[in-house]
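1. model this:
(2 chains)
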Protein chains: 2
Amino acid sequence: MKKHNFSAGPCILPQEVLKKAADAVLNFNGIDLSLIEISHRSKEFVNVMENARGLVKELLSLPDGYSVLFLQGGASLEFLMTAYNLLKIDGKAAYLDTGAWAAKSIKEAKLLGEIDVIASSKDKTYNYIPKNYTIPADANYVHCTSNNTIYGTQIKEFPKTNSLLVCDMSSDIFSRQIDFAQFDLIYAGAQKNMGPAGTTLVIVKDEILGKTGRTIPSMLDYQVHISKDSMFNTPPVFPIYVSMLTLEWMKELGGIAAIEKMNEEKAAILYAEIDRNPHFKGFAVKEDRSLMNVTFNLTNEDDKEAFDKLWNAAGISGIKGHRSVGGYRASIYNAMPIESIKVLVETMQKLEKQFS
Amino acid sequence: MKKHNFSAGPCILPQEVLKKAADAVLNFNGIDLSLIEISHRSKEFVNVMENARGLVKELLSLPDGYSVLFLQGGASLEFLMTAYNLLKIDGKAAYLDTGAWAAKSIKEAKLLGEIDVIASSKDKTYNYIPKNYTIPADANYVHCTSNNTIYGTQIKEFPKTNSLLVCDMSSDIFSRQIDFAQFDLIYAGAQKNMGPAGTTLVIVKDEILGKTGRTIPSMLDYQVHISKDSMFNTPPVFPIYVSMLTLEWMKELGGIAAIEKMNEEKAAILYAEIDRNPHFKGFAVKEDRSLMNVTFNLTNEDDKEAFDKLWNAAGISGIKGHRSVGGYRASIYNAMPIESIKVLVETMQKLEKQFS
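-> Sure thing, here's the model as predicted:
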């Protein structure tokens, strides 16, 4: 029996992608070699890289002037690279503190210069997105996190600014329609909506680079990676290939517009049950609720044993909440089928019946 | 027909490893979930990481006091991390320049301080390993590259020094018996003898860290990664799992002693043919020849079309030499079966017969 996999990341991927990935490990495109034992400079893998890059541009409707990179190190290395590439010597950057990952991005950027934390929701365990903040006119860039996996919050209105706009979209890229051209730099670890852990998507407007006055180490320099088509050094071949397969799957589904519709439908069913069922309460404030990570707690902690037994019996996995929030977190990324959401809702209703 | 895969990297992996890897992409250890869709903090993946770490220590006979990490970014990021973690403020490091990758390690380290290039074989396109050099007594560390993939040279005698000894072993780790405890820091991109591209093995003596006086960005700080058991951020799950499988395969073969014996036998057959066959000549000087990358040229460039036709017909792939050296490079890593070497030798003999 296939599990109902609500893991926060690495997380559920489409079944057909997993099948194709397994095939490629044995014999890639019928070339009688495994995907993972050929040169990254072979025409077969160069095609994968080009295809993946093109699909990102197409799915996000990116205008000309952006480069798409597949790097390593996850968002955590991007925290440092953002500052290295965009924070001028003696410059300043503005950061929105909307969760543990945002806080980490601030910590790393501070190593390179002045960071102005313009708003924080830490006062309420990050259960909301701050909205009234002032961006200093002299900020080199504004950094935000579009979706906060741990707390289940999501930015609906992005900062309006004349500075550069940078966004960590690790946990909700490809999930909803946004004007992606409002951003100058987007980065995202693959392991939510794009693929397996091990590669990081970077989308950067070329014209913003090379203006800080810094000497940047090669591996941290976006211009180096752009000049080498993400092959300055050996790229993570398998994670990039599986990302390409997932991007193809998204395109076949009808692109971001179709995916957004499904995601809204899935989230609505689950949030409706949380709000209806007296045994549960949502964690994030309603207006900032995420379409990707649905966080909720029991109204009565005494129900824990009973509920845990119920969802385990239903074949549900990965819904334990993050330790800083407690309770439960159902991560319902693009590849999560609506059937699994319905199983979770039924399980929540079983708890209600059991105690009525 | 399975190809004879002489690719320099990513390169041949054991067939049984590829089969197990493909199975895990579909259903990992019978848990009804794919390896690449479960949390890296699940007990299943934590076991993989611990097992891989233990196997590295066992295969290399590492004494207590070393940490084993599985990171991202390849040797290229290690070039920077080495200097960040070991080069003192106002300190100095000594580097051996034995090839293009050594030169890159020097370039990145120079961003952080004084680098003394104590010897170089660049004068002869790196076809030998320099041997007479003086290590400055005040060097914080000495850096060398054990095997030079492009040129087919390999260090047989490592520098004797009272400074720390650092080695990039990307292309020959696990291939031969060495006293690994003579090194204070070893790093290696996985994609030669250990696994697929996407993870970097780092072996570091704990006591040498934290002594530079530098503030190190989190992702570049070995102490951060050690404190989090290589899970400071989401690790590259698939590359680490396949590395674990390859490490298990090496252990089953009889460990490094048995592997070294096979590697010596394989290399001897190929070098003997290069030296015997008048149509070929070796590139690297004999005493520095690599057991991993066998570089050779045609004595007469007019034979090129005929030879290329012959090896293509024999199902050989990946033996084109690096552009800086020309000719041919047969990479014969641990997983290369002796049968493939024999096919290459027969092909070289066919060329000889064709022109006799």
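
2. which one is the closest residue to chain B within the stretch 201-350 of chain A nearest to, not counting chain neighbours?
-> Using Cβ to the nearest Cβ, the single residue of the stretch 201-350 of chain A nearest to chain B is residue A:236, 3.4 Å away. In short, each C-beta sits where N, CA and C put it, glycine included. On the basis of Cβ to Cβ, 6 or more residues apart in numbering or on different chains, the spatially nearest residue to residue A:236 that is not a chain neighbour turns out to be residue B:198, at 3.4 Å.

3. residues in contact with that neighbour?
-> For residue B:198, the residues meeting the contact criterion (Cβ atoms under 8 Å, 6 or more residues apart in numbering or on different chains) are A:72, A:198-199, A:236-239, B:72, B:190-191, B:236, B:238-239.

4. With residue A:91 instead?
-> Residue A:91 sits next to A:113-114, A:140, A:212 when contact means Cβ under 8 Å, 6+ apart.

5. same thing with residue A:111?
-> With contact set as Cβ under 8 Å, 6+ apart, residue A:111 has these partners: A:80, A:83, B:215, B:217.

6. Pull up the gap between it and residue A:185, please.
-> Residue A:111 sits 18 Å away from residue A:185, going by Cβ to Cβ, to the nearest Å.

7. what's the answer for residue A:52, then?
-> According to Cβ to Cβ, residue A:52 and residue A:185 sit 19 Å apart.

8. related to what we said a few turns ago, please pick the buried ones from the contacts of residue A:111.
-> With neighbours counted using 16 or more other Cβ atoms under 10 Å in any protein chain shown, the contacts of residue A:111 contain these buried positions: A:80, A:83, B:217.

9. quick one: is stretch A:210-227 near chain B?
-> Yes. Stretch A:210-227 is in contact with chain B by Cβ under 8 Å from any Cβ of the partner chain, via A:215, A:217-220.

10. Which single one of the residues you listed is nearest to residue A:103?
-> Out of the residues of stretch A:210-227 next to chain B, the one with the shortest distance to residue A:103 is residue A:220. That distance is 20.9 Å, counting by Cβ to Cβ.

11. which residues sit in contact with that closest one?
-> With contact taken as Cβ under 8 Å, 6+ apart, residue A:220 is in contact with A:77, A:80-81, A:84-85, B:80.

12. Mind checking which of those land in strands?
-> When the contacts of residue A:220 are checked against strands (DSSP state E), there are no matches.

13. how about the helix or strand hosting residue A:246: buried residues?
-> Secondary structure assigned from DSSP states H and E places residue A:246 in helix A:237-253. Along helix A:237-253, these residues count as buried under the neighbour rule (16+ other Cβ under 10 Å): A:237-250.

14. Quick check: what element follows that helix along the chain?
-> If you walk from helix A:237-253 toward the C-terminus, the next helix or strand you reach (DSSP H and E) is helix A:255-276.

15. Output that following helix in CSV with nothing but the alpha carbons.
-> Below are the C-alpha coordinates for helix A:255-276, written out as CSV (Å, rounded to 0.1, in the frame of the first residue of the first chain):
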residue,chain,number,x,y,z
GLY,A,255,1.3,24.6,-15.9
ILE,A,256,1.1,26.8,-12.8
ALA,A,257,-2.5,28.0,-13.4
ALA,A,258,-3.8,24.5,-13.3
ILE,A,259,-1.6,23.5,-10.4
GLU,A,260,-2.7,26.6,-8.4
LYS,A,261,-6.3,25.7,-8.9
MET,A,262,-5.7,22.2,-7.5
ASN,A,263,-3.7,23.5,-4.7
GLU,A,264,-6.4,25.9,-3.7
GLU,A,265,-9.0,23.2,-3.8
LYS,A,266,-6.8,20.8,-1.7
ALA,A,267,-6.0,23.4,0.9
ALA,A,268,-9.6,24.6,1.2
ILE,A,269,-10.9,21.1,2.0
LEU,A,270,-8.3,20.7,4.8
TYR,A,271,-8.7,24.2,6.3
ALA,A,272,-12.5,23.8,6.2
GLU,A,273,-12.2,20.7,8.4
ILE,A,274,-9.8,22.3,10.8
ASP,A,275,-12.2,25.3,11.2
ARG,A,276,-15.3,23.0,11.5
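
16. Could you pull up the mean pLDDT of it?
-> Averaging pLDDT along helix A:255-276 gives 98.

17. swap in stretch A:34-51?
-> Per-residue confidence for stretch A:34-51 averages out to 97 on the pLDDT scale.

18. Quick check: end-to-end length of that stretch?
-> Between the opening and closing residues of stretch A:34-51 there is a gap of 19 Å (Cα to Cα, to the nearest Å).

19. now, among the contacts of residue B:198, which is nearest to residue A:46?
-> So of those, ranked by how close each gets to residue A:46 (Cβ to Cβ), first place is residue A:237, at 11.1 Å.

20. Run a quick check on that closest one versus residue A:37, I expect a contact.
-> No. Counting by Cβ atoms under 8 Å, residue A:37 is not a contact partner of residue A:237; they are 9.4 Å apart.

21. list residues touching both of the two?
-> Taking Cβ under 8 Å, 6+ apart as the contact criterion, the common neighbours of residue A:237 and residue A:37 are B:10, B:196.

22. Now do the buried residues in stretch A:315-327.
-> A:316-322, A:325-327.

23. before we move on, what about stretch A:199-216?
-> A:199-205, A:208-209, A:212, A:214, A:216.

24. is it possible to export these to JSON lines including pLDDT and secondary structure?
-> Below are the buried residues of stretch A:199-216 laid out as JSON lines (pLDDT from 0 to 100; DSSP: H, G, I helix; E, B strand; the rest coil):
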{"residue": "A:199", "pLDDT": "98", "secondary structure": "coil"}
{"residue": "A:200", "pLDDT": "98", "secondary structure": "strand"}
{"residue": "A:201", "pLDDT": "98", "secondary structure": "strand"}
{"residue": "A:202", "pLDDT": "98", "secondary structure": "strand"}
{"residue": "A:203", "pLDDT": "98", "secondary structure": "strand"}
{"residue": "A:204", "pLDDT": "98", "secondary structure": "strand"}
{"residue": "A:205", "pLDDT": "98", "secondary structure": "strand"}
{"residue": "A:208", "pLDDT": "98", "secondary structure": "helix"}
{"residue": "A:209", "pLDDT": "98", "secondary structure": "coil"}
{"residue": "A:212", "pLDDT": "97", "secondary structure": "coil"}
{"residue": "A:214", "pLDDT": "96", "secondary structure": "coil"}
{"residue": "A:216", "pLDDT": "98", "secondary structure": "coil"}
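
25. Can you tell me which of these lies closest to residue B:312?
-> residue A:199 (32.5 Å).

26. which residues does the spatially closest residue to the closest one that is not a sequence neighbour contact?
-> If you skip the residues right next to it in sequence, residue A:199 has residue A:239 as its closest partner in space, 4.0 Å away by Cβ to Cβ, 6+ apart. For residue A:239, the residues meeting the contact criterion (Cβ under 8 Å, 6+ apart) are A:190, A:195-199, B:198, B:236, B:238-239.

27. run the last query once more with 10 Å
-> Taking Cβ atoms under 10 Å, 6 or more residues apart in numbering or on different chains, we find residue A:239 in contact with A:21, A:70, A:72, A:190-191, A:194-200, B:36, B:196-198, B:236-239.

28. got the contact list for residue A:22?
-> Under the criterion of Cβ under 10 Å, 6+ apart, the contact list for residue A:22 reads B:21-27, B:34, B:36.

29. need the helices for chain A, in chain order.
-> Counting by DSSP state H, chain A has helices at residues A:15-26, A:43-59, A:74-86, A:100-109, A:222-227, A:237-253, A:255-276, A:304-313, A:338-354.
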